[in-house]
Structure formats: structure tokens, C-alpha cells
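Engineer: what would the 3D arrangement of this be:
(4 chains)
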Protein chains: 4
Amino acid sequence: MNFASDNTAGISERILKAINEASTGFAGSYGGDDATRALEARFAEVFETDLTVFPLATGTAANALSIATITPPWRAVLCSENAHIMTDECGAAEMFTGGAKLIGLAGRNAKYSARTLAERLETWPPGAPHHTQPASLSLSQASEFGSVWQPDELAEIGEVARAHGLKVHMDGARFANAVASLQCAPADITWRAGVDILSFGATKNGALAAEAIVVFDKELAASLPFRRMKTGHLLSKGRFLAVQLLAYLEDGHWLKLAGHSNAMATRLAEAIEASPKARLAAPVEANEVFAYLDHTVHEALQTAGADYHEWPMSVPDKEDPPREGEVLARFVASFQTSGQEVGRFAQVIGGL
Amino acid sequence: MNFASDNTAGISERILKAINEASTGFAGSYGGDDATRALEARFAEVFETDLTVFPLATGTAANALSIATITPPWRAVLCSENAHIMTDECGAAEMFTGGAKLIGLAGRNAKYSARTLAERLETWPPGAPHHTQPASLSLSQASEFGSVWQPDELAEIGEVARAHGLKVHMDGARFANAVASLQCAPADITWRAGVDILSFGATKNGALAAEAIVVFDKELAASLPFRRMKTGHLLSKGRFLAVQLLAYLEDGHWLKLAGHSNAMATRLAEAIEASPKARLAAPVEANEVFAYLDHTVHEALQTAGADYHEWPMSVPDKEDPPREGEVLARFVASFQTSGQEVGRFAQVIGGL
Amino acid sequence: MNFASDNTAGISERILKAINEASTGFAGSYGGDDATRALEARFAEVFETDLTVFPLATGTAANALSIATITPPWRAVLCSENAHIMTDECGAAEMFTGGAKLIGLAGRNAKYSARTLAERLETWPPGAPHHTQPASLSLSQASEFGSVWQPDELAEIGEVARAHGLKVHMDGARFANAVASLQCAPADITWRAGVDILSFGATKNGALAAEAIVVFDKELAASLPFRRMKTGHLLSKGRFLAVQLLAYLEDGHWLKLAGHSNAMATRLAEAIEASPKARLAAPVEANEVFAYLDHTVHEALQTAGADYHEWPMSVPDKEDPPREGEVLARFVASFQTSGQEVGRFAQVIGGL
Amino acid sequence: MNFASDNTAGISERILKAINEASTGFAGSYGGDDATRALEARFAEVFETDLTVFPLATGTAANALSIATITPPWRAVLCSENAHIMTDECGAAEMFTGGAKLIGLAGRNAKYSARTLAERLETWPPGAPHHTQPASLSLSQASEFGSVWQPDELAEIGEVARAHGLKVHMDGARFANAVASLQCAPADITWRAGVDILSFGATKNGALAAEAIVVFDKELAASLPFRRMKTGHLLSKGRFLAVQLLAYLEDGHWLKLAGHSNAMATRLAEAIEASPKARLAAPVEANEVFAYLDHTVHEALQTAGADYHEWPMSVPDKEDPPREGEVLARFVASFQTSGQEVGRFAQVIGGL
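Structural biologist: Numbering: from 1, shown residues only, chains lettered A, B, ... in the order given. Okay, the predicted model is just below:
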């Protein structure tokens, strides 16, 4: 019962096979190989548009480089106050931008509304050089609390952004889970909704280590080869990033993996909802489950060997705070999570 | 005949096997896994001392993070004017230090002498805040021109460094080739010679992507977990870095791979020396061969499909410049280079 | 009636005289002059302790350099959410630290309580490298909303800081106003209360441009000569900073100037309190007055030619929000503010 | 006999008068004052073109901000290997750019030729992201060794720059001395010769502390208000920078001051040339004199109380190295240098 995170899982069979197949022979280094060359066509097909792709090994790098590309040092990026870039990346965006500010916005389930955004922008201190002016915004799809931004929510956000001249970054560490959940075209929740640059994650969903910066606004792509190199994020044996991403996108493999994770999360959520001693702390729309557990449930799960995180941060939703004796827990399902494990979880929690 | 670089090769069988074996099941993320936990003991054994290890995916990151750890923004690092950190990393060290200066030193074969170093330090402008003061030095083992620093050369350098209060970084992107060449204990060319922090490379010698910062001075290690995270270089599925490094170091695998590369390079060098129309541009002490080729040799090799780099930079050694009609070429042998390929090379070059 | 800011005033007579006297003859540059050499003794006397002083020309530089000295790039500084360093310096601290995070704390009148601070520190996410760890805190004396930290408040804050290993910075852009208000020893609200490094301001209180970083913890001073130079903040004709500061501190001149400003602010406050159509938005403890004005008062003052700022930011105190038709205004008194001007203000506001 | 530097001098009478006159009354802060508003018209007149001006207090700040404006972090600026930005500013340009590289070019008298520049650019490693690509160049007018760039030399440099898409920065810490020496229009050695951005110095030539970034390419000016604020270089009482610069430029005051300094330097040079025991180490074209002194001359000057610097760096010109027993000395004349002092110098040196 390992629900600690989706990055505690291993490598999907297809991706592993691709690595094995690429492991012999010679190939151009630093992206000068056939697999890397094939990447943009594959992504363009998936996203139904012309684009530029920069593969790399970590999501933090994808986020910080993306944000640096759309935010000069003296300006600000707006994001959820619970965004991964705000709370979990040790200030990588601040460093790669050269000292830009991250401004947190409140909102339920680690999402902020177009209205909150607009109000903040309209009351921003005027453009004197004292006051860092906003340059961009970032949102996580799926969100840090397991929610998904609906296409119309994104379109509204995108409209506010355009009206204020802001570029839009999407942290898609769990992008596959969002697409699988929404059953929409990837384009609908990215460039069609105004997203300029996307951190496209594969690691949490079956890759060894493979992420990609996907740039929809071609002009933004010019500096990225240099920014990526200057931060040590250009891998020499680039083929091994590329073959992971190619296998990931082939035959809808990425969505099958994510669909499975989401389904397992839904079953975890059902077990929680069925219990009188546990309750969801946020709607479950992707592969993460946040729940308040009565301490007896928490203890029973621990005893049964379940692996998950007590959540140290403020609760997902201040309007629904924990009650006396409750613990806030996060469960994450991955492509590797089995129905058996989930069944065992339901059994433990149902037996109380 | 691919001699373009050692990073055009694939993955060694043992390392690939280790990745496959680790690919299933759950493991703690961000280095909280058994393989990562086993790393320091394995490195400690190899280096015969207590140490701290930070695995990551690229050599540029290992170098820039190491240098940032020993060089504050307002000070300088001295290195060869031909050092990889100086010419090939797009200023990563300048960025990760926050703007420190890299000062290039001249010397044969991308090495500088203890005397050159001492003279530079003794004539440094005095400690007024105008003049960036040196904090550290960096040297590459093996060097960028295929040379190897002898233990006594390193010990002399280390002594000058200590006398001036400088910390010492070694760029060991080809550390295995140096050890295999010198047949020495790894300790003899690192901490025993005064090296404080080492970029230990495995990627060029058979790994998919695996490097490690090895810190011999424990105090220096304190900031590195945060520096690595803040620059996006902490991999979430850390086990896959760790198992590569463990397999690499097991049973002397790393030295066998490097020994093979070195032997292949020696055979390439012999073929060049045997030709009246080609000559070595630098002694061949590891797995790189720099040679001046008569243009007829260059054309014949191109026709035969040999893959190698014409070297765009200033020649390795100004005391031995190219002659009319010569081309400076770099050939690199890897663990994957076959005797057959080298034989074919010798045949082509010998036939002229 | 210029109440726009204390930096719309000119130069006090004593300081101007000192500049004139220093204007001829030769003097060592970059701080190698007699006036600069005399500075530390003068400051040591005022602060009753051994210390190090770095004069410079702007408060933003003093703040950002001070904070960079006590906060490495991967850590955080806590401050009021309304701190000048947070809202008015265009992210200078983020830049000079190399990307550290500023974390805002809530509290009345741009002050935070020791309790708020302690709670935040106790619930800080654990020390995994993902989560920026706090290194320091900053507080402004007087505060951005015209309040003053009492010695015992500071001592409590200092205690929490020490318990959590944090260094303490004080932004003393209006330090003189605070000392004049509290009638305390400068030591009591700095090093005796746990302040490690102080931005000591003189510009807002009668200097042409003169601030000083005062370092109470000698070890922190080592890097500052280089940091100041590297950011272009070492003035070549250093004597002109030094003579301003010497004249400022001589014979209690600084406290006389500040005492006058404070007294004028108090009279402004009294006029506001006497009016049924205006009310204070924050207690007036130094030389700034924040007030809610009925729009008729605002219009009358505008018509009478009063110069002051409508305050664009969120109100000083959320527990006391503006009422329908009110405007939030800031009035600042300076050493140059005359009783006549204040009288005229009282007349205008009293006539409604 | 103070020839230590031109920044050991005080303030010119006219500039001091302007400061005194501006010292009373209220004025908008942060550049919102009449004097600052008048600046651009005055500079536009002097430079015969439309331009943008950013006053600040130090030349290092002017240089580092200018270079950051034309050089992204991942690119390089070319300059003389003896440039002030390279050797005397503690890496300020590296910091403000976010880690760009400074590449030093050789040349006589701290100038490099268009040919040296072109050759370097033509042999630059190709545009792979490994190799920092040049973005800009910087040159100092007058140079660090007291030479002046002729208009045609600058035009040639400017042509090479344009051909390679480089922006051009001029460090004009001693711009007035260059103009006074060349008797040319300021435009001829700036924008007409291809200079995009100029550090215009006044401090070394009679100001208390006043420099200005003059931007000829309007587009480059957009980020500077924010860059200047973010680095703490926007002075609150901006009028005091502005009135210095206005007085400096009025009635050709700046050129009279510089003309005097140059004339004094010429007389120092004549005295040296007349002596059999001293000789010039570089041509004297502005207000700096570099000379080799026989040790007896050096001792006699010291005994007579002359203040000047023994030069610690490599000699100005390697083709004319010092001889046995010689000392390399730098003498700088300022607006404050008197004919009497120079006469005394000539007497001492002539008496040997």
C-alpha cells in the first residue's frame, strides 16, 4: 500500500523497453540524435499545433526555466499560494529569473479564480519602479490539491492574462492526469486557453526521468537552448530523454497510465467517503486524494503498513478546516498502483 | 567509426541491467531509497575516506554546483584557459555562483603548472574590494586535451592552493580514464592531493546519465542539498541515478570500461604516429586523441565515414602550431569503441 | 503644505555646512579619508558598542546588502507583509541574495508579533531541501505605517529569532524618528534586543544622500566590502558620505531633526482627530500619519494645495477598514515641515 | 602634490553652488523634480540627438547596469583585458547581468583594434549552446591607460560590432577628458560611431557624486528604471544628482574642468620626458600619466611628499616592459590640480 507519491513508482514497461532499445549503438549527443529530432513532430501531433520542445530531467528545472523565460528579474509571476513553485522548489524560480518575485493568490483547492486574479491586477500599485510589476502567471494542471482546471476556467484566466499583458505558464507535472480526467484535447487546456509555455511531465507517470518544456509561442523559444545549458539541464546522452517521451506519447500510452492512476484515486476516494470516520478534504479529480482521517483510521492504516504523507501545510481549504482529532493525509495513486492495494486500503478503512 | 565523443555511446550492460532491475516496485523518492542510501559507503570504499555524495544527471551541474559551493559571488576561481567550465558550459559556473569570475591560466595540454599558479597568485592585485580575490581553483582530470595530471603535479598544485587559502575542485568528467591511466588509488589524485570537491562522471563512461558531486570536506556539504534543489538538480526517482553509480563502481566495472577506452585511444594514436601524414597534437594519456591531419588524411577519413570533430578552438599547444594544410582533429574512444573500428581507422590512415 | 514624503525635503543646515567644508582639498578615495575613518568611533559612541559601518547612498542598497549578508540564496527572510523590502524595492533583496524568498507576516500597523512569528516558525515545513528554510528576519523601525516597535516587543522578537537560529535585520530608514519617539538608547532597540545588522538612514531626516549599514556582529562584516563594491555601492569620493553622517550624529543633531518631524506629525494627527470628518487609520508614533479622510476633506485639502499621497495599498489595518466615501491618505512630516504649514493644514481641515 | 587619482579631488565651485541652491524647499522625490525633468533636454543638446538619461551615484553602477541592459546572462561582453569593468569592479557586471562572461581583448594602452575584435569574432566557437555567444562590447573613453579612442577608430569598431549584431557600451568615467582632448563633438565619439549606451561620468571631474547612463537606443531604456531600482541605485532626493549634472554641462563647465586636467597631465608628462631618469609608459592623451621612474626618481618624489600609485598590474604595454630598477607609476591630474603642484613636481624630477 504505497500511496506516498507517484514518484515512488518505477518505469512503465513501454518506456523501459524504449530505453533498452536505445542503449546500444552511437547517437549524436546533446540532442543531435534521431529520437530528439522526432520529438517536435510527435508533440505537434498531440497538441495539434506547431511548437518547440526542450526535454530535460526534472520538473523543477522545467518550471524554473519556463518562468525565467517569461519573467524578467524585476517583475513578478502570480500563482496559487499553494503552488509547487511557491512552496516546494526551494526558490528555483527566484534563482533562475535572477530575483523575480512570486506572488501567491488564494483560492480553493490550490486554484485561483479569474476574478481573484483580475482584482489583484486591478489594484496593483502603479508602475513606479518601486513596485515589481507582474509579467506572467503560473497554474498547475492538475493542481497541487488534486483538482483540475476546467477548460472554461482556463479560458477565463487566459483572457485576464491577455488583457493585462501577462504570459501564462502551466506546471503540468501531472498534465496527463488532467487530460485523462477531462477527456479533452491537450490543446483545449493549453494554447487554445492562452497558455504560452508548458512544463510537460512524464516522470510521475511512468518515466525514469523525463520532462519537457513545450513552447507554444515560438519567440519565447530563442533563449531556451542557452538557458538550459547555462543551468546544467542539457543532457549529453539526449536520446534517453527523447525515447522516453516518444514511448510515453505513442498510442496514447500516457493517457492509459494516467487513466489508471485516476481510477485508482477515485476508488480510494470512494472508500474514504464510505467511512464515517474519514472524509475528503478536497474533490478528487485526478490522482491525488486529500482526506481528513479520524486518528483511529490513521492508526489502523499505519498499522496495516500503508505509506502516505501527513500533510504539514495549511489545509487545502480554509473554509473546511480539520476537526478535533483529525489528521490531514495525502494519498497518491500511480500507474503502478494495483487494484489489490486499493482493495486492501478499502478493507482497512471499512473495518472501522 | 564513431569517434565524435564518448557521450555518443550508449549504456554499459551492467548499468542497463541495474536500471532494469530497479524499474519495478516502489522506492522512496528524492533520494529516500535504499540504493541512494548505499552510495556513500560504496564511494567511501573506493576513495578510502569518509565523504558525502550528491548524485545528479549532468556534469555541467556537478561542476557549477561544486564551484558555487567553494566560491562566493565576489571572488574568483582559477582554471585552465581551456577548461570545460570556461569554454563549454555557457557560463554555468558564473550563474550558479551569482557572478563570480573565472580566471584562465595558460599551460600545455589544458593543464597549468604549480609555478604558473603561484606566480599568478603572488602578483594578484591587493585585497581592495575593487579586485575580485581568488577563492578556489578547478582542474580537469583527465584534462580537456587528453592529458592526465600526475599525482605529484596535483600535490604541488594542492600545496600552492593551501598556502593561499584556496579550495580545490576537480572536474572528473573523465575521472575513470585518469585513474585507469595512472593505475593509482582514486584517493591519491583527489583528497590526498588536496582536492576538496570532485565532479565524478559516469555518463561518458557507460552510464545513461549519472554524475556525482563527491565532497571530501564535510563542512562544504551542508549547503549542497539546498543548492541542488534550488537549481532543479534533485531527481525525484533518485534510485535510478543511484543504481547506475552502484553498478558502475561494482567489481571495478568503471575502470574496466575506462581501461578499454584508453587502450582504444592508444591504438588510434599509434596509427597516427605511424603515418607520415598525421601527427599527434598532444600526448595521449586517456581516451582522447588530438592530432594534426594532413588534409588528404582528413578527406580519406571523411570518405570512409569516420565521425570526429574538427577542433574549432585554438590549438592545444601554442608551441606546436598546425602547419600549412593541416587540420586539427579530436578522436574520442569510449567503452563502446571496438577494436574493429580502430583497425579500420588504422587501415584508412595507413593506406595513404 | 508638502507632506508627500520626508524625502521631498532638502538638506539640513549642519549637514550642508559639512559638505561645503569638505568640498576643497584632497582626500583619499573609496573610504580612505579621515572622515570615513572617524565614522566607526562616532557610531560606536552612539550605539555604546564596538561595530562596523559601511556608508552608502540609498536605503534600498543598505537593506538588500544587509539581507544578502544574513540570508543565503536558498533560504528565506521573514518580514511584515507590508515591509518596504517586500513592496517598494522592486525585489532588490531577492536580487542581491541571489534568489532568496521574502515571506510576509501579517500584523497591525506593519508590525508582526513575536507570537505570529513563533507560530509561523513552529509550523514551517520540515527541513527537506524542497522547502526554503528561514535564515533571517527583518523589521522596520519606525514601521511603514508610522508605528514604533517598543523595546520589549523587539526583545521578544529577538528571543524567538535566537531560538530558531535566525539573524535579525532592522530597516532603520526612519531610525531617528523611532529613537526620538521612544526616548531610548539606540542600543536598546538594536543589538541589546538582538538586532545583528541595521540599515541606518539619514537621507529622509536631513541628509543629501547618506545611509549606513551598521553591523553589530563583527563576523558578518567580512564580506560586505566586496558585496558593496560588486553592487556598485562604494562611492569614490567617500568623504562626502562620511561628513554627512558625522554632522548628522554630532550634538544629537539627528534626534533634534527627528524630534521636530515627530512633533509636526503629532500636530497633524491632532488636527485630524479633532475633525468629525477625518480619523486616524493607525496610531501616530513617529513622523508618518495615516488617516481616513471624508472625500470633502480630501477635496478641500487638494484645493488648498496640500501635497500628500492617497495610499494605493491595502489599508494599514484590516480590522478597521475604510467607510463609504473615505480616502486613505498618508502625510509625512520632515525636518523641514514648518509649524505654519501644519497650522494651515489644521485650519483647512478644521473649517469643514 | 596629490596625483593619486582624480577622485581624491573635491567639488567644483559651480557644482557646489548648485547643490547649495537646491538644498532648501521641497521637490518631488525619486526623480519627480524639475531638475531631473530638465536633464534630458540638456543632454540632448550636448549630444545633438534624442536620448534617455538615468542619473546615479557611481560609475560602477552605470557600467554594470548598462552592460546588463545589452547582455543577457547566457552571453558575453568583449572588452579590453585591462578594462575597469574587468579588473576593478569586483565582478559587478557579472552580477548585474546574472552571470554573463567578460572576455578580455589584448591591445596597446588598454585599447583593442577593430582587427583584433574582428578576428576574435570570426573564430568564435559556433553557436551551440555550450559556447557563450557575444552580445556586446565595451570600451573606455578615455582608456584605463590614459589614451583616447579616435573617432575613426571608434567608427571602425562600431562597424565590426554592427556586422556581428553586437551592442556597444562606452565607459565614459573620463568622457569629458576624452572630448576635451579630441576637441570633437560628443556625438562623434558616441552614437555617430555606433555607441548604444554610455556611462557618462562627472564624479572624477568635479562632481560630489554624479554619473548618468545615457541611452541612445530608446528601446534599451525600457527596463532601466526597474533595473536601477532593483539594484538600489535610484536616489530618493534625485534633485541632488540632477543639479550636479546640469551645472556640470552648463556653459561648457565640464570641458573647462577636463581641459585643465588634461593640460596639467601634459605638463607632468613634459617634465617626465625631460628627465633622463624617467620615461612615459604610454602616450598621454587625457589626464592620466603612466611612467617608468628610475628608483631614485621614485624615492625623491616620495620624499617630497608626492602622492601617486605604483601600478600593481601588468605594464600598460608588453612591447615596452620596465627596465631593471624602474618603477611603474600612475599620476592623475584633476580639475583641482594646480600649476604650482605641477611646477613642484617638475622641479623635483628635474633636479636629479
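
Engineer: switch to C-alpha atoms for all contacts and neighbour counts from now on
Structural biologist: Will do.

Engineer: can I assume A:Val77 sits in a helix?
Structural biologist: No - assignment of A:Val77 by DSSP: H, G, I helix; E, B strand; the rest coil gives strand, placing it outside any helix.

Engineer: please work out which residue of the stretch 251-352 of chain A is closest to chain D.
Structural biologist: Residue nearest to chain D within the stretch 251-352 of chain A (C-alpha to the nearest C-alpha): A:Trp254, separated by 30.5 Å.

Engineer: per-residue pLDDT of that residue, please?
Structural biologist: Per-residue pLDDT puts A:Trp254 at 98.

Engineer: A strand includes it, no?
Structural biologist: No - read with three-state DSSP, A:Trp254 is helix and lies in no strand.

Engineer: how about the nearest residue to it, chain neighbours excluded?
Structural biologist: A:Tyr248 (5.2 Å; C-alpha to C-alpha, 6 or more residues apart in numbering or on different chains).

Engineer: I figured that neighbour hits A:Ala258, correct?
Structural biologist: No - A:Tyr248 sits out of contact with A:Ala258 when judged by C-alpha atoms under 8 Å, with a separation of 10.9 Å.

Engineer: the residue of the stretch 251-352 of chain A closest to chain D against A:Ala176, yeah?
Structural biologist: Yes - using C-alpha under 8 Å, A:Trp254 is in contact with A:Ala176, at 6.4 Å.

Engineer: anything in contact with each of these two?
Structural biologist: Contact criterion C-alpha atoms under 8 Å, 6 or more residues apart in numbering or on different chains; residues shared by A:Trp254 and A:Ala176: A:Ala202, A:Asn205.

Engineer: need the contact list for the residue positioned nearest the centre of chain A.
Structural biologist: Nearest residue to the geometric centre of chain A (C-alpha atoms, centre = their mean): A:Ala173, 2.6 Å. Neighbouring residues of A:Ala173 by C-alpha under 8 Å, 6+ apart: A:Gly59, A:Ser140, A:Gln141, A:Ala142, A:Ser199, A:Phe200, A:Gly201, A:Ala202, A:Lys204.

Engineer: also A:Ile213?
Structural biologist: A:Ile213 neighbours (C-alpha under 8 Å, 6+ apart): A:Val53, A:Phe54, A:Pro55, A:Leu56, A:Ala62, A:Ser66, A:Ile197, A:Leu198, A:Ser199, A:Phe200.

Engineer: any chance of a markdown table for these, columns neighbour count, pLDDT and distance to B:Ile70?
Structural biologist: Output for the contacts of A:Ile213, formatted as a markdown table (neighbours: other C-alpha atoms under 10 Å in any protein chain shown; pLDDT from 0 to 100; distance: C-alpha to C-alpha, whole Å):
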| residue | neighbour count | pLDDT | distance to B:Ile70 |
| --- | --- | --- | --- |
| A:Val53 | 24 | 98 | 34 |
| A:Phe54 | 23 | 98 | 31 |
| A:Pro55 | 27 | 98 | 30 |
| A:Leu56 | 23 | 98 | 27 |
| A:Ala62 | 29 | 98 | 27 |
| A:Ser66 | 31 | 98 | 28 |
| A:Ile197 | 31 | 98 | 35 |
| A:Leu198 | 29 | 98 | 35 |
| A:Ser199 | 32 | 98 | 32 |
| A:Phe200 | 26 | 98 | 34 |
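
Engineer: show me which pair in the residues you listed is furthest apart.
Structural biologist: Maximum pairwise distance in the contacts of A:Ile213, criterion C-alpha to C-alpha, is 14.6 Å, between A:Leu56 and A:Ile197.

Engineer: let me see the domain layout of chain A.
Structural biologist: Here the domain parsing of chain A from automatic domain parsing is A:12-251, A:254-350.

Engineer: hey, where'd the strands end up in chain A?
Structural biologist: A:52-56, A:75-80, A:101-105, A:133-140, A:167-172, A:197-201, A:211-215, A:278-280, A:288-294, A:309-310, A:326-332 (DSSP state E).

Engineer: can you pull the buried residues of the third one?
Structural biologist: Neighbour-count burial for strand A:101-105, counted by 16 or more other C-alpha atoms under 10 Å in any protein chain shown, picks out A:Lys101, A:Leu102, A:Leu105.

Engineer: about what we covered before: reformat the strands of chain A as a markdown table; add distance to C:Ser113.
Structural biologist: Shown next, in a markdown table, are these (distance: least, C-alpha to C-alpha, whole Å):
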| stretch | distance to C:Ser113 |
| --- | --- |
| strand A:52-56 | 44 |
| strand A:75-80 | 26 |
| strand A:101-105 | 22 |
| strand A:133-140 | 29 |
| strand A:167-172 | 35 |
| strand A:197-201 | 39 |
| strand A:211-215 | 43 |
| strand A:278-280 | 34 |
| strand A:288-294 | 31 |
| strand A:309-310 | 29 |
| strand A:326-332 | 28 |
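
Engineer: deepest-packed of those strands, please.
Structural biologist: Here the criterion is mean neighbour count by mean count of other C-alpha atoms under 10 Å in any protein chain shown, and of these the winner is strand A:197-201, at a mean of 29.

Engineer: what packs against that one?
Structural biologist: With contacts defined as 3 or more C-alpha pairs under 8 Å, 6 or more residues apart in numbering or on different chains; DSSP states H and E, strand A:197-201 has these neighbours: helix A:59-70, strand A:167-172, helix A:175-182, strand A:211-215.

Engineer: nearest to C:His84, of these?
Structural biologist: The minimum distance between C:His84 and those falls on helix A:59-70, with 24.5 Å, by C-alpha to C-alpha.

Engineer: quick check, the closest one touching chain C?
Structural biologist: No - on the criterion C-alpha under 8 Å from any C-alpha of the partner chain, helix A:59-70 is out of touch with chain C, staying 9.9 Å away.

Engineer: got the contact list for that helix?
Structural biologist: Residues outside helix A:59-70 that contact it (C-alpha under 8 Å, 6+ apart): A:56, A:77, A:85, A:89, A:92-94, A:96-97, A:135-136, A:138, A:167, A:169, A:171, A:173, A:197-201, A:211-213, A:220, A:223-224, A:227-228, A:233, B:231-233.

Engineer: residue of the stretch 251-352 of chain A with the smallest distance to chain B?
Structural biologist: A:Gln336 (7.9 Å).

Engineer: could you give the mean pLDDT of stretch A:121-134?
Structural biologist: 88.

Engineer: for stretch A:336-352, same thing?
Structural biologist: Mean predicted lDDT for stretch A:336-352 stands at 95.

Engineer: and it, C-alpha only, in CSV?
Structural biologist: C-alpha atoms of stretch A:336-352 as CSV (Å, rounded to 0.1, in the frame of the first residue of the first chain):
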residue,chain,number,x,y,z
GLN,A,336,1.8,1.1,-10.6
THR,A,337,-0.9,1.2,-8.0
SER,A,338,-2.8,-2.0,-8.1
GLY,A,339,-6.5,-2.7,-7.6
GLN,A,340,-5.4,-5.2,-4.9
GLU,A,341,-3.6,-2.5,-2.9
VAL,A,342,-6.6,-0.2,-3.2
GLY,A,343,-8.9,-3.1,-2.1
ARG,A,344,-6.8,-3.6,0.9
PHE,A,345,-7.0,0.0,1.8
ALA,A,346,-10.8,-0.1,1.5
GLN,A,347,-10.8,-3.1,3.7
VAL,A,348,-8.8,-1.5,6.4
ILE,A,349,-10.7,1.7,6.4
GLY,A,350,-14.1,0.0,6.0
GLY,A,351,-13.4,-2.2,9.0
LEU,A,352,-13.6,0.6,11.5
